[in-house]
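Asker: next come a sequence and a model predicted from it.
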Amino acid sequence: MGIVLGTNQYGKAEVRLVHVDRSTPRHVITDVNVTSQLFGDFSETHLTGSNAAVIATDTQKNTVYALARTGGITTIEEFALRMARNFVDKYDQVTGSRQEIEQYGWGRIETSEPGEHDHAFVRAATETRTVVVTKRGDAETVISGLTDLTVLKSTGSEFWGFPEVEYTSLVETTDRILATAVSARWRYGGTSTDHDQRDWDKAFASVRQVLLDRFAGTHSYSLQQTLYAMGRGVLETHPEIVEIRFSMPNKHHFLVDLSPWGLENPNEVWHAADRPYGLIEAAVTRDDLPADEAAWAGIAGFC
Ligand SMILES: O=c1[nH]c(=O)c2[nH]c(=O)[nH]c2[nH]1
């Protein structure tokens, strides 16, 4: 029975970097967490301990800082592509690279006088923007996304018609709170040239707006239906996107029974439950385009 080395990758995880664009007195900050990984023939270090081919993880960390200094961080998509290309183009033994970036939002502090501050910031909502770039040889894939986009509708949501099987106790409702923290990732089609020409910020803002529009605008009979409507909306409005995956917890809100105290509760007082929660996950794809499972490799959980 032989034993062999299987698939492998390595790099530096969670390089925390804040870039300050000081080109004008109105500074722009970019707050990111970068995980850089390389693929290639790294069997020697695993089998014999020879590090002759190993681009040290410390070097990968330094590369994050150096590329941020030399080219700035315009968008996380562009930066991840630049990182991946740097390693694959420079070193023969590196045949591929995976660059994963999270970006945390900051807004300008609005002071009473004179308004938006030039260099004082306040953390935006808990929402995080994400990207995973995978480059294998010349083939590049870009999967953009967001996590923790927390949304709630105080009406316009029903849930009924489910089977009454053994252990069912849930009561049907035609008016409930629907709340979720959307995690979504969407894969862009196209070539490296397309990637270079894309306006990543514009696409991100537009996808986010479609998600919000469809969440708000869909009269919901299930969170599953709302999820699909959101995904469909993105694919309908963005021909450059070929698939989108969602992970959406159903943040349950239970109507509090106030009848022991002789009080009615016409959907006004709710208990916001923490756990357990429903977890609704699905991909929405185009039927005429090939799946690309390799692009999703290493993405924890459903998306
Ligand atoms: O939108 C919902 N989908 C479900 O599958 C489900 N199951 C449940 O108990 N409540 C809900 N709500």
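Answerer: Right, received. Where do you want to start?
Asker: around the ligand, pick out the residues from the stretch 101-250 of the chain.
Answerer: Taking CB under 6 Å from any ligand atom as the criterion, the stretch 101-250 of the chain approaches the ligand at residues 159, 170, 222-224, 250. To be clear about C-beta, it is placed using only N, CA and C from the backbone, and glycine gets the same treatment.
Asker: can you tell me which helices and strands the single longest helix found in the chain packs against?
Answerer: Looking across the chain with DSSP state H, the single longest helix is helix 200-217. For helix 200-217, the elements it packs on are helix 76-90, strand 139-153, strand 178-188, helix 223-237, judged by 3 or more CB pairs under 8 Å, 6 or more residues apart in numbering; DSSP states H and E.
Asker: mean neighbour count and mean pLDDT added to the ones you listed, as TSV?
Answerer: Listed next are those as TSV, based on neighbours: other CB atoms under 10 Å; pLDDT from 0 to 100:
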stretch	mean neighbour count	mean pLDDT
helix 76-90	21	98
strand 139-153	19	98
strand 178-188	22	98
helix 223-237	19	98
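Asker: what's the closest of those to residue 245?
Answerer: strand 178-188 (5.4 Å; CB to CB).
Asker: show me what that closest one is packed up against.
Answerer: Checking 3+ CB pairs under 8 Å, 6+ apart, strand 178-188 ends up next to strand 139-153, helix 200-217, helix 223-237, strand 241-250.
Asker: quick revisit: in JSON lines: the helices and strands packed on helix 200-217, plus distance to residue 59.
Answerer: Shown next, in JSON lines, are these (distance: least, CB to CB, whole Å):
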{"stretch": "helix 76-90", "distance to residue 59": "10"}
{"stretch": "strand 139-153", "distance to residue 59": "22"}
{"stretch": "strand 178-188", "distance to residue 59": "28"}
{"stretch": "helix 223-237", "distance to residue 59": "37"}
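Asker: so which of those is nearest residue 119?
Answerer: Nearest of the helices and strands packed on helix 200-217 to residue 119, taken as CB to CB: helix 76-90 at 21.8 Å.
Asker: if we can go back for a sec, for the longest helix of the chain, what is the average pLDDT?
Answerer: Helix 200-217 comes out with an average pLDDT of 98.
Asker: buried set for the helix or strand harbouring residue 195?
Answerer: In this structure, residue 195 sits in helix 192-197 according to DSSP states H and E. For helix 192-197, a neighbour-count test (16 or more other CB atoms under 10 Å) marks residue 195 as buried.
Asker: mind saving the C-alpha coords of that helix as CSV?
Answerer: This file holds the C-alpha atoms of helix 192-197, laid out as CSV (Å, rounded to 0.1, in the frame of the first residue of the first chain):
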residue,chain,number,x,y,z
SER,A,192,-8.8,38.2,-17.7
THR,A,193,-9.3,41.1,-20.2
ASP,A,194,-12.9,41.3,-19.0
HIS,A,195,-11.8,41.3,-15.4
ASP,A,196,-9.3,44.2,-16.1
GLN,A,197,-12.0,46.3,-17.7
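Asker: now what about that helix, what contacts it?
Answerer: Applying CB atoms under 8 Å, 6 or more residues apart in numbering, the external contacts of helix 192-197 come out as 77, 81, 138, 140, 142, 188, 240.
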